[in-house]
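Novice: sequence and predicted model, in that order:
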Amino acid sequence: MAEVEGSTLVARALHEQGTEHVFTVVGGPVIEAVGACGDLGVRPIGARHEQAAVFAALGEGYVAGRVGVALLASGPAVTNAMTGVHVAWDNCWPLVVLGGSAALATSGLGGFQEADSVTMMQSITKWSVRADRAERIPELIARAHHVAMSGRPGPVYVDLPSDVLSATIDESRVRPAGRAAPPARPMGDPSAIERAAELLLEAERPLLIVGKGLRWSQAYEEVSRLVDDLNLPFLSSPMGRGAIPDDHALNVGAARSFALRGADTVVVVGARLNWVFGFGRSIPADANVIQIDIDPEEIGRNRPATVGIVGDAGTVLRQLLMALEGRSEPARSRAAESPWLSDLREHRAKNEAALQPLMDSDAVPMNHHRLFRDLRDVLPRECIITVDGQITFATARQLLPSHIPAARLNPATNGCMGVGVPFAVGAQLARPDLRVLSVNGDSSFGFNGLEVETALRYDLPIVFVVDNNDGIMGGILESRMFKQPHGERVAMYRPQARYDRVIEAFGGHGEHVTRPEELRPALERAFAAGRAALVNVVVDPLAMWPAPTEGRRASALMGY
Ligand code: ADP
């Protein structure tokens, strides 16, 4: 029988799992495996750094609704990837990282790039395992995909020693694995469903919180029906936006604090009451909380759940809709007329109006809100947005809408800066039919900004925007919060840096904008460029919000 190399088995296994793109930074010992992937139609995407490769894999996986896959070299390549693995861990995203390693035969002798990656990965993965023999590669990769997608999704690490990859074995020894089964979609306890339906029908001030966990059950129709059937006001988490279109009349995201403080019944689905929602502490103590999550351990975390329903969001929401069938009309009509809804709308309108003067400001240099107003105005209704950076993220949250699901990516649960550019690369690969806008603060752009070259190399017409306020929180830290001896700067960078020239260096389209009236035409040219473009927008380093107040610790501005 014919012989086969370990590297080829890696490529075959990924092909078997339906992997379309494998993200990599080519290097030993996985060079042959990357080559074999290309031969089998598993398209290798070469990034400039392993952290970015994993971010791009996550962007692709999230937008496409599947496992992100990275195939990396050994030692430092794997440690570079760990930030990306932690992003997957903290965001509950499915990811399989295949990392090369030194030969088993010389283990412990100090081989080139020898590292105990399996142990290092253990605390931030659902499973970390070494392929100790070539014949086991298919079964371990299949298992890795199953573990990554099942229950609460998460990352898996598979270590591939160089002598396992280079081993040539008889085909008859290969253990066939097949494709990982699709994840189970468990139902919720029927008595808990009935109790949740009763609470919702009785509620005077109900509120729904929708999060990015919905991605993995694609329960978009179900969640929209629940909202419409009950006239249920809702809030989306930063990445849950678009599961129900932001322009839905019952979206009360702009009245978030008021909504959380005033609700008497809160349904949480695909979201966690962690820091993103202030640990749920502002929800009144006597409010009913109905929590739906696939992970039993999440129920009641930070805030006791009146009803905890363990199950798949889509299945549970369908059960809930059935339980409400024929019973929801009185609650629906009552809600339409309720002071709760009119108060929420009033708060929303007031908060939105407060932003208008900032958005309409013609000041030079520009403020962040003016930049985002023009961005909002040029964006197609259906598009993908990646956002990165602190002030940039906060302003985007107020001004950039999302109208379709799984089309908004940002530093998310673990607040990881540097994701914006590589997320955009992965997202555009997953959805070539949609425009991708990637807005980055200049400091977060610095982490992985060279990935604009990756976008150009793979003909991805992403529009990158650098919200350029000269460094970390612009000039606010160094001018108001602390001063360095001898006037040295640690948080402010070289002023008015020309990030547009970074993309031009690789043949991309660059725009440099210093005045508000130049912005819109520059954005329109960028979207029409037919290749990756970068619009560098000079923004006032002191334009800041929330405005720092006298005596307030700088870290408090970042939520600490
Ligand atoms: P967000 O940041 O949008 O609030 P989180 O990442 O904090 O979202 O929470 C997502 C939640 O969704 C996690 O608790 C996760 O267990 C849950 N989840 C993931 N997949 C499913 C699913 N298929 N059904 C129900 N809940 C899910």
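Specialist: That came through fine.
Novice: residue 282 sits in which helix or strand?
Specialist: Following DSSP states H and E, there is no helix or strand that holds residue 282.
Novice: so who does it touch?
Specialist: By C-beta atoms under 8 Å, 6 or more residues apart in numbering, the residues touching residue 282 are 257, 260, 261. C-beta here means a position set from N, CA and C on the backbone, and glycine is covered the same way.
Novice: most neighbours among those, which one?
Specialist: The member of these surrounded by the most neighbours (other C-beta atoms under 10 Å) is residue 260, with 22 neighbours in all.
Novice: wait, that one sits on residue 279?
Specialist: No: counting by C-beta atoms under 8 Å, residue 260 stays clear of residue 279, with 11.0 Å between them.
Novice: does residue 510 count as helix, strand or coil?
Specialist: Classification of residue 510 using DSSP: H, G, I helix; E, B strand; the rest coil returns strand.
Novice: re the thing from before, in helices only, show me the contacts of residue 282.
Specialist: Judged by DSSP state H, the contacts of residue 282 include 257, 260, 261 as members of helices.
Novice: what's the spacing between the nearest residue in space to the second one that is not next to it in sequence and the ligand?
Specialist: Spatial nearest neighbour of residue 260, excluding adjacent residues (C-beta to C-beta, 6 or more residues apart in numbering): residue 282 at 4.6 Å. Separation of residue 282 from the ligand (C-beta to the nearest ligand atom, to the nearest Å) stands at 15 Å.
Novice: how many neighbouring residues does the residue in the stretch 401-550 of the chain that the ligand sits nearest to have?
Specialist: Closest approach of the stretch 401-550 of the chain to the ligand (C-beta to the nearest ligand atom) occurs at residue 413, with a separation of 5.1 Å. By the measure other C-beta under 10 Å, the count of residues near residue 413 is 20.
Novice: verify the stated contact: it with residue 274.
Specialist: Yes: using C-beta under 8 Å, residue 413 makes contact with residue 274 at a distance of 6.9 Å.
Novice: give me the below-cutoff pLDDT ranges for this structure.
Specialist: Along the chain, the parts satisfying pLDDT under 70 run over 544-560.
Novice: ok, residue 17 - contacts?
Specialist: Contacts of residue 17 by C-beta under 8 Å, 6+ apart are 67, 69, 141, 142, 145, 179, 180.
Novice: mind listing the strands for the stretch 451-560 of the chain?
Specialist: In the stretch 451-560 of the chain, the segments counted as strands under DSSP state E, counting those that start in this stretch are 463-468, 509-513, 533-538.
Novice: what angle do strand 509-513 and the last one make with each other?
Specialist: To tie it back to what came earlier, the one meant is strand 533-538. Strand 533-538 runs at 20 degrees relative to strand 509-513, counting by axes from the mean of the first three to the mean of the last three C-alpha atoms, to 10 degrees.
Novice: could you do the first one as well?
Specialist: Strand 463-468 and strand 509-513 meet at an angle of 30 degrees, taking the same axes, to 10 degrees as the criterion.
Novice: what residues does strand 463-468 touch?
Specialist: Applying C-beta under 8 Å, 6+ apart, the set of residues contacting strand 463-468 is 368, 371, 375, 389, 391-392, 395, 421, 424, 435-442, 445, 452, 455, 496-497, 499-500, 503, 523, 526-527, 532-539.
Novice: let's see that with 7 Å instead.
Specialist: 368, 371, 375, 389, 392, 421, 437-442, 445, 452, 497, 499, 526-527, 533-539 (C-beta atoms under 7 Å, 6 or more residues apart in numbering).
Novice: parallel or antiparallel, list what pairs with it.
Specialist: Sheet pairing here is set by DSSP bridges, and for strand 463-468 it gives strand 436-441 (parallel), strand 533-538 (parallel).
Novice: which stretches of the stretch 1-150 of the chain form strands?
Specialist: According to DSSP E, counting those that start in this stretch, the stretch 1-150 of the chain carries its strands in the segments 3-5, 21-24, 43-46, 68-72, 95-101, 127-130.
Novice: alpha carbons only: can I get the fourth one in CSV?
Specialist: Output of strand 68-72 as CSV, limited to C-alpha atoms (Å, rounded to 0.1, in the frame of the first residue of the first chain):
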residue,chain,number,x,y,z
GLY,A,68,-11.2,29.1,12.8
VAL,A,69,-8.0,27.2,12.0
ALA,A,70,-4.4,28.2,12.3
LEU,A,71,-1.4,26.1,11.4
LEU,A,72,1.8,27.5,12.9
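Novice: counting by contacts, list what it packs against.
Specialist: strand 21-24, helix 31-40, helix 50-64, helix 76-91, strand 95-101 (3 or more C-beta pairs under 7 Å, 6 or more residues apart in numbering; DSSP states H and E).
Novice: now the longest one: buried residues?
Specialist: Applying a neighbour-count criterion of 16 or more other C-beta atoms under 10 Å, the buried positions in helix 76-91 are 77-91.
Novice: those: which ones sit near the ligand?
Specialist: When contact is defined as C-beta under 6 Å from any ligand atom, the buried residues of helix 76-91 meet the ligand at residue 91.
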